[in-house]
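1. here's a sequence, model it:
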Amino acid sequence: MSTIQNSVMLIGHLGDNPEEVKLDSKKKLTTFSVATNLRYKNKEGEAVEKTQWHRIVAWNKLAEICLEHLKKGSHVACPGHLEYREYETKSGEKRRAAEIHLDETGKKFSYHKVDIFR
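-> Numbering: from 1, shown residues only. Below is the predicted model:
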């Protein structure tokens, strides 16, 4: 039986500085948002640019690396996998959010070295 892999690679720019999330456990967590742009021509031949924002989550050593090296505007490559998180708003609405969790295997991440382009 073949295995289907949940693998994502986003390349874009950070919308803000990474944020460290304080946890009760000894684990470290850092989150940041990355903007990607899609450019195409519509039916009328006009150029259209669509920006989408993606939430990136990094754990432990990768969290430390992101906090140390990334800042608003950094051009990054983010290899990871897609996860969905359910939460409830203050008004009681149930919501679902998609997040890209950076791979902690080290293989992909160390190869890309969070690829910070300057």
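2. and the residue located most distally from the centre of the chain, which of the three is it?
-> Residue farthest from the centre of the chain, counting by CA atoms, centre = their mean, is residue 44 at 33.3 Å. Here residue 44 takes the coil state, with states given by DSSP: H, G, I helix; E, B strand; the rest coil.
3. please, where are all the helices along the chain?
-> 60-69, 107-112 (DSSP state H).
4. can you give me the buried ones in the first one?
-> Judged by neighbour count using 16 or more other CB atoms under 10 Å, the buried positions of helix 60-69 are 62-63, 65-67. (Glycine included, C-beta is placed from N, CA and C.)
5. same question for stretch 5-12.
-> 8, 10, 12.
6. give me the contacts around that stretch.
-> Stretch 5-12 has contacts (CB atoms under 8 Å, 6 or more residues apart in numbering) with 34-37, 54, 56, 75-82, 100, 115.
7. who's the residue nearest the centre of the chain bridged to?
-> The residue lying closest to the centre of the chain (CA atoms, centre = their mean) is residue 56, at 2.4 Å. Taking DSSP bridges, one obtains residue 32, residue 100 as the residues bridged to residue 56.
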